[in-house]
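In: Based on what follows, work out the 3D shape:
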Amino acid sequence: MIKSVLVCLEGSSSAESATRLAIDVARTCGARLAGLAIVDEPDIRAGAAMGIGGSSFKHERDDALVADARKHAADWIALFERRCREAGVPAQGLEVVGRPADSILEEMDGHDLTVFGRDANFRFETEREDLQTRDAILHRATRPVMVVPDVAEPALGSTVLIAYDGSNAAKRALTSFGNSGLAQGRTIHVATVDDNGARAWEMANRGVQMLAPLGIPASVHNVVSLLSNVDSLFALATELKAGLMVMGAFAHSRLRNLFAGSATHGLVEKSPIPLYLQH
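Out: Numbering: from 1, shown residues only. The predicted model follows:
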């Protein structure tokens, strides 16, 4: 059962969706929430070639950007704590100074689940977008993460689709989700994408059997399609009206490329629903 949830705070609309979804998860599981705001002072103060007299200007500019980042962090934490109080969810705001990816990866080790917005930009003072931090989290996280798109009414819904291919990552994702408490009261579907329908059914059924000892019934889906892996899964998710997709990172078989190179971006950026991911 999830007891502690970390949600990453910053100014994007998807981070707003992530916060609201994290509150919903915390209520469902009776978990505590921690809201993490990062002041990326190392990148702000990163050295750069300056002309004569430029160092003084850079120092002043850096001080102003750090002060602005601290103000944003304080505002996000205050809003987060107020919303948690209104929702009756125990919560604590955390402000950390450091590189975003390293800070999040270090902090997430103390929590059962980390939630962040798909379009989150933790380097907002120096960059227009921050795919680097997002990718680092997806590739290096040792605990489950939930990536939340920008949606008007974020909710896990009543139906969950688990993409399963028998890999160790898929087994860990399925097991951790099964133990999280998020499956309770929801309709669970397990799907395997493969060129061979019988093989896909057999694999998906293994996933269903893994859930059985946890007291979680699930339906089997074998997906054989001319669509890409990503499109095949999302087409099924749409058909089932799933509110959440669960899958292992760096999976094998037809799913093996989902987290390689640009396919990672395609999966995360294309998903209209939250993704529960684990290595």
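
In: avg pLDDT for the strand or helix carrying E202?
Out: Per DSSP states H and E, E202 falls inside helix 197-211. Mean pLDDT, helix 197-211: 97.

In: Show me what that helix packs onto, helices and strands only.
Out: Under the contact criterion of 3 or more Cβ pairs under 8 Å, 6 or more residues apart in numbering; DSSP states H and E, helix 197-211 touches helix 168-180, strand 187-193, strand 218-223. Yep, even glycine has a C-beta here, placed from its N, CA and C like the rest.

In: Tell me, what's the model's pLDDT at L258?
Out: Predicted confidence (pLDDT) for L258: 49.

In: And for V268?
Out: 78.

In: so it sits right up against H139, yeah?
Out: No: counting by Cβ atoms under 8 Å, V268 does not reach H139; the two are 11.7 Å apart.

In: Give me the more crowded residue out of the two.
Out: V268 (21 against 13; other Cβ atoms under 10 Å).

In: The strand or helix carrying that one: what's the following helix or strand?
Out: Assigned by DSSP H and E, V268 belongs to helix 262-270. The helix or strand immediately downstream of helix 262-270 is strand 275-278, counting by DSSP H and E.

In: Check which strands are paired with that following strand and give the direction for each one.
Out: Strand 275-278 has the following strand partners under DSSP bridges: strand 145-148 (antiparallel), strand 244-248 (parallel).

In: Could the C-alpha coordinates of it be exported in PDB?
Out: What follows is strand 275-278, C-alpha atoms only, in PDB (Å, rounded to 0.1, in the frame of the first residue of the first chain):
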ATOM      1  CA  LEU A 275       1.200   6.600 -16.900                       C
ATOM      2  CA  TYR A 276       2.400   4.500 -14.000                       C
ATOM      3  CA  LEU A 277       6.000   3.400 -14.900                       C
ATOM      4  CA  GLN A 278       8.700   1.300 -13.200                       C
END
